[in-house]
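J.: Predicted model and sequence follow; I will ask about them next.
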Amino acid sequence: MTRKSFDPNSAATASSGIYGLPYTLQESQVILIPVPVEITTSYGGGTARGPQAILKASKQVDLYDFSAGRVYESGIFMMPESLEIRQLNRKGRKLARQIIQQGGKLDGSSRLKRALENVNHAGERINTIVYKAATRLISRRKTVGVVGGDHSAPFGLMQAFADHYPELGVLHVDAHCDLRIAYEGFTWSHASIMYNVISRIPHIKKLVQVGIRDFCEQELETAKNPRGRVIVYFDEDLQRQKLEGQSWSRLVGGILRELPRDVYISFDIDGLNPSLCPHTGTPVPGGLSFEEAVYLIASLAKSGRQIVGFDLSEVTPGPQGDEWDANVGARLLYKIIGHTLLSQKKQRK
């Protein structure tokens, strides 16, 4: 198929797609599924506006990448937001707020019980929509990523990739373990995404978490189960080792050794230092620098492993239209896309 003429050195036009690109879904190798959801968020809000904020900010990103080169040449396309997901999010958020205000305690209320059932049903439906869309795209040999929304957004995508890669590993960068069991009663809580992954997707063989610095005791017990599939690199340990003279390169080498050949990246923006994402819903002091995060992803691509897919979640625009978070998110997303494509090219050689 002949592509439209495109000058990567010119400014983005108002009608252009993500990163100012002119390519259609058919012309693009990389397809991004926006999932504007924040039904169960219980602290800061606004993640449902993340995909559109990233789309807008992406048009300020210069397209030649120092490490990955002409990433844009493979074609990147962001799908339109699903109207059904928007509606489910709006209705579900209103119902969930009643439960969150009670700390997740229903106290025998039939009204709250019905609200909880409807919220959980909304989560299931969103997962199904994402799963079906992702499955269609993967069957067409597209490289697929989810742009959230809160961190519950990518479950359907991970499920779809696990169908195609039976020994899949997940590299999870986050401030939180996200291993809570139905947090506040919500089965599909953003705080339960990785618990759902390890309990509901058996083909995912290993979950390697990096940058974790906020967790409850139940999550710690789940993570430290010696017969489990979870390996956690706590931020406090990583920072201590760096302060004692260990290089980030050596630490990354140890992290990557835990991962299998095929890897999915799940990146919650609050895995970064909150100076880079101050408006994200649950910021926590500490975390990775932008350079450390990119080095980790680039090292994964260079290691001979294949990055099969990815998600980026919890990017929240500022209340006054501040684009800093979206700017960082759009640039991190471009890096993830670039190194994903590099890793796949290595596998084809």
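T.: Right, received. Where do you want to start? This is a predicted model, so every value here is computed, not measured.
J.: so who does Tyr165 touch?
T.: Counting by C-beta atoms under 8 Å, 6 or more residues apart in numbering, Tyr165 touches His203, Asp262, Val308. For the C-beta atoms, the positions are set from N, CA and C on the backbone; glycine is no exception.
J.: now swap in Trp324 and tell me
T.: Listed by C-beta under 8 Å, 6+ apart, the contact partners of Trp324 are Pro278, His279, Gly318.
J.: Show the pLDDT at it.
T.: With respect to pLDDT, Trp324 scores 95.
J.: Let's test this: what are the backbone torsions at it?
T.: phi -60, psi -50 (degrees, to the nearest 10).
J.: how close does it get to Phe234?
T.: Distance check for Trp324 against Phe234: by C-beta to C-beta, to the nearest Å, it reads 27 Å.
J.: What lies in contact with stretch 222-241?
T.: Outside stretch 222-241, the residues that touch it by C-beta under 8 Å, 6+ apart are 175, 177, 179, 194-195, 198, 204-213, 215, 251, 255, 258, 286-287.
J.: Apply 7 Å and report the result again.
T.: By C-beta atoms under 7 Å, 6 or more residues apart in numbering, the residues outside stretch 222-241 that reach it are 177, 179, 195, 198, 205-213, 251, 255, 258, 286-287.
J.: still on that earlier bit, now the contacts of Tyr165: which count as buried?
T.: In those, burial by neighbour count holds for Asp262, Val308, counting by 16 or more other C-beta atoms under 10 Å.
J.: Could you verify my assumption that Gly75 touches Leu25?
T.: No: with contact defined as C-beta atoms under 7 Å, Gly75 does not reach Leu25; the gap is 9.0 Å.
J.: More neighbours: these two, which one.
T.: In this view Gly75 and Leu25 are compared by other C-beta atoms under 10 Å, and Gly75 has more residues nearby, 22 against 14.
J.: Please name the spatially closest residue to that one (chain neighbours excluded).
T.: Ser28 (3.2 Å; C-beta to C-beta, 6 or more residues apart in numbering).
J.: do you know how far that neighbour is from Ala96?
T.: 34 Å.
J.: Give me the more crowded residue out of these two.
T.: Ala96 (28 against 21).
J.: show me the contacts for the more buried one.
T.: Residues near Ala96 by C-beta under 7 Å, 6+ apart: Ile39, Thr40, Val119, Phe186.
J.: and which of these is nearest to Asn9?
T.: Using C-beta to C-beta, Ile39 is the member of those that lies nearest Asn9, at 41.5 Å.
J.: Make sure I have this right: that closest one is in a helix.
T.: No: the assignment for Ile39, made by DSSP: H, G, I helix; E, B strand; the rest coil, is coil rather than a helix.
J.: right, and it touches Gly92 too?
T.: Yes: taking contacts as C-beta under 7 Å, Ile39 lies within contact range of Gly92: 3.9 Å.
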